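K.L.:
When you get a sec, could you give me coordinates for this:
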Amino acid sequence: MSNTQSKLMTNWRWWLCSLLFVATTVNYLDRQVLSLTYENFIKPEFHWTDDNYGTITAFFSIFYAIACLFAGKFVDWMGTKKGYLIAIGVWSAGACLHAACGWATSLIVGENIAALKGMEVASNVALAISTTSVYLFLLCRGILALGEAGNFPAAIKVTAEYFPKKDRAFATSIFNAGASVGALAAPLCIPPLAMKFGWEMAFIIIGALGFIWMFFWAFMYEKPEKSKHVNEAELAYIHQDDAEMADQVGHDAAVIPGPDRESPEKQISLWKCFSFKQTWQFITGKFFTDGVWWFFLFWAPSYFSNQFNAPVTTPLGQWLIFTLYLIVTVVSIGGGYLPKIFVEKRGMHPYPGRMLAMLIFAFFPLCALLAQPLGMKFNSAWIPAILIGLAAAGHQAWSANLFSTIGDMFPKSAIATVTGIGAMAGGVGSMFIQKIAGRLFTYSENMGDAFTFLGFSGKPAGYFIMFCFCGIAYLLAWSIMKSLVPKYKPIEL
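P.N.:
Presented below is the predicted three-dimensional model:
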C-alpha cells in the first residue's frame, strides 16, 4: 500500500477494537464483584466456607464452558452485531440479579439474615442460610456465564473481520487488555461501592455498565463492506490476506473486495470442527491455562486477606490488587505486538511467529513458583503481588496469541465456533481448578500443621500447591500444542 493510500485510509477498525476493549473490561468487572465482596461482605453474611465459594466459582466455570460450546455457533448464526448485543444484555442482567440473593434468601429461610452474621457456621439456621444462598448465587452465576460466553467468540470474530492476520494478535491483545483493566479498576471501585452503598448496589451499578455499552455497539458496528465509516483504502488493507492468497492460486478476479459484495463462505458444522487437529491444539491451550487466570482472578483478594491480613476493605488490600493488574496491563499489551515484530522485522510467517511468542510468554508464569516462598520469607504481600502480576501478564500475552491462531488456521465463517469450543475447554479446566482450590483451602485450613507440602503447613501449603500448578501449566500446554500442529497448516474446505 502506498504512503498516499495509508494517509487517506480510515481507521474505523481501531474504534471498534476500542469498543471491544470496553466490553471486555465490563465483562471482567462483572466477574470480579463476587471475589471482591466475598471475604468481607458475603462470606460472613451467608456463613460460607471456601468450599462453598469454590463450588460457586467452579459452577460458573463449567456452565460458562457449556455455554461457550454453543455461543460461538450462536454468534456465527445470529451475526456479530445481534449476537454481541444479546450476549452482553444477558450477562448484564445476570450481574444485576446477584443483588437480590440476600432478599430472596431471607424470604425463603424466613429469617433476617443480616441480623444473624455472628451465628456459628455449624448451626442449623446458618446451614439453611448458606445452602439457600449458594443455590441462589449459582442461578445468578449461571445467567452471567450464559451471557459472558458470547464475549470472546464475538470479539475474535470482529478482529477477523476487521484486521489482516499480521495485526490480529496486536488487536486481540488490546481488547484482551480489557480483562486486565477490568481487574485493575475493580479493587478501586467495587469495595468502596460495597462499603458505602452495600454489596448489593455494587452488583447493580457495575452490571448496569453493560446496558450503556449496548447503545454504542448498536450504532457503531457494521461489517466492513457495509460500514459507512470504512473507505476503500481501509477495506483493501483489511482484505490484504485474501488478495495475497488469490495471487498464490491465480484467482485474481475473486479477491477484489468491494462495499457492495461479500464473498460467500462455506460453513463448518460444530461437530466437524472436532475432527481437526488445529481445533484440539486450541482446546489444549485453553484447557490447561484458562483456569490459571481465573484462579488468580477469583482467589487473589482472599489470598492477600488470609495470608497477609490485607483485605480489600483496606487501602493496602486495594493497592495490592491494583498493582498486580497494573503489571498485567502494561506487560500483556506488548505480548500481542511481539509476533508483529517477528513478522515485519524478521520476515517470519504469522503462525510460527505467534508460536515463538507463546513459548516466550509460557516462561512468565514460572514466577508464581516464587510467590509463596518469598512472600512468607520476607513477610511482604508486595512480593507475591508483583510475581503473580508477572505470571498473570504472561497469561494475557499468551492468550492474545492463542486466540489469533484460530484466524490463522480457520475460515472466518468458523472462527466464532472454534473460539467457543476452546472457551468451553478453558471453562472445564477452570472448573477443576476452582473446585480443587476451594476444597484444598478448606481442608488444609482445618488440618493445620498436620497438612504439609515442601516446607509449608496448613493453608499456606494449599496455596503453594496451587501456585506450583499455575507455574508449569503453560509450558506443558505449549509442548502438547506443538506436537499436535508442528507447522502451519490451515483448514482447507
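K.L.:
Going by C-alpha atoms from here, please, whenever you check contacts or count neighbours.
P.N.:
Fine.
K.L.:
where do the strands sit along the protein?
P.N.:
452-453, 456-457 (DSSP state E).
K.L.:
can you list those strands in TSV and add mean neighbour count?
P.N.:
Below are the strands of the chain laid out as TSV (neighbours: other Cα atoms under 10 Å):
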stretch	mean neighbour count
strand 452-453	14
strand 456-457	18
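K.L.:
Go through those strands and name the closest to His98.
P.N.:
strand 456-457 (35.6 Å; Cα to Cα).
K.L.:
what mean pLDDT does the closest one have?
P.N.:
In this model, strand 456-457 carries a mean pLDDT of 94.
K.L.:
Same question for stretch 325-335.
P.N.:
78.
K.L.:
what's the closest of the strands of the chain to Lys166?
P.N.:
Nearest of the strands of the chain (Cα to Cα): strand 452-453, 45.3 Å.
K.L.:
Okay, Cys68 and Ser130: tell me how far apart.
P.N.:
Taking Cα to Cα, to the nearest Å as the criterion, Cys68 is separated from Ser130 by 29 Å.
K.L.:
and the residue nearest to Leu476 when sequence neighbours are not counted, what is it in contact with?
P.N.:
Spatially, and ignoring its direct neighbours in sequence, Leu476 is nearest to Phe288 (8.0 Å; Cα to Cα, 6 or more residues apart in numbering). Residues near Phe288 by Cα atoms under 8 Å, 6 or more residues apart in numbering: 426, 429, 473-474, 476-477.
K.L.:
Could you check how many residues crowd around the nearest residue to Lys73 once chain neighbours are set aside?
P.N.:
The shortest distance from Lys73 to any non-neighbouring residue, by Cα to Cα, 6+ apart, is to Thr417 (4.7 Å). When neighbours are defined as other Cα atoms under 10 Å, Thr417 has 28 of them.
K.L.:
how much space between Thr417 and Gln267?
P.N.:
In terms of Cα to Cα, Thr417 sits 10 Å off from Gln267.
K.L.:
can you check Ser173 too?
P.N.:
Counting by Cα to Cα, the gap from Ser173 to Gln267 is 27 Å.
K.L.:
Quick check on those two: which one has the bigger neighbour count.
P.N.:
Applying other Cα under 10 Å to Ser173 and Gln267 shows that Ser173 carries more neighbours, namely 26 against 12.
K.L.:
surely that one meets Val331?
P.N.:
No: Ser173 is beyond contact range of Val331, at 10.3 Å (criterion: Cα atoms under 8 Å).
K.L.:
Give the residues shared as contacts by these two.
P.N.:
Ala397.
K.L.:
mind checking pLDDT for the residue lying closest to Pro490 once chain neighbours are set aside?
P.N.:
Leaving aside its chain neighbours, Pro490 sits nearest to Met409 (4.1 Å; criterion: Cα to Cα, 6+ apart). Reading off the confidence values, Met409 has pLDDT 86.
K.L.:
Let me see the contact set for Asp241.
P.N.:
164-165.
K.L.:
quick one: it and Leu440, what's the gap?
P.N.:
As judged by Cα to Cα, Asp241 and Leu440 stand 49 Å apart.
K.L.:
Next: Glu200.
P.N.:
When Glu200 is compared with Leu440 (using Cα to Cα), they lie 29 Å apart.
K.L.:
so who does the residue lying closest to Ala385 once chain neighbours are set aside touch?
P.N.:
Distances taken as Cα to Cα, 6+ apart put Leu324 closest to Ala385, at 5.2 Å, once the chain neighbours are dropped. Contacts here follow Cα under 8 Å, 6+ apart; on that basis Leu324 touches 184, 385-386, 388-390.
K.L.:
Who wins on neighbours among the residues you listed?
P.N.:
Ile388 (30 neighbours).
K.L.:
So that residue sits against Leu366, correct?
P.N.:
No: checked against Cα under 8 Å, the pair Ile388 and Leu366 is beyond contact range at 9.4 Å.
K.L.:
ok, the most centrally placed residue in the chain - contacts?
P.N.:
In the chain, the residue lying closest to the centroid (Cα atoms, centre = their mean) is Ala179, at 6.1 Å. Ala179 makes contacts with 24-25, 27-28, as judged by Cα under 8 Å, 6+ apart.
K.L.:
Excluding chain neighbours, what is closest to Phe282?
P.N.:
Take Phe282 and drop its neighbours on the chain: the residue closest to it by Cα to Cα, 6+ apart is Gly422, 5.9 Å away.
K.L.:
and that neighbour, how many neighbours does it have?
P.N.:
With other Cα under 10 Å as criterion, Gly422 counts 29.
K.L.:
Read off the pLDDT value for Leu475.
P.N.:
97.
K.L.:
scratch that, Phe282 is what I was asking about
P.N.:
For Phe282, pLDDT reads 95.
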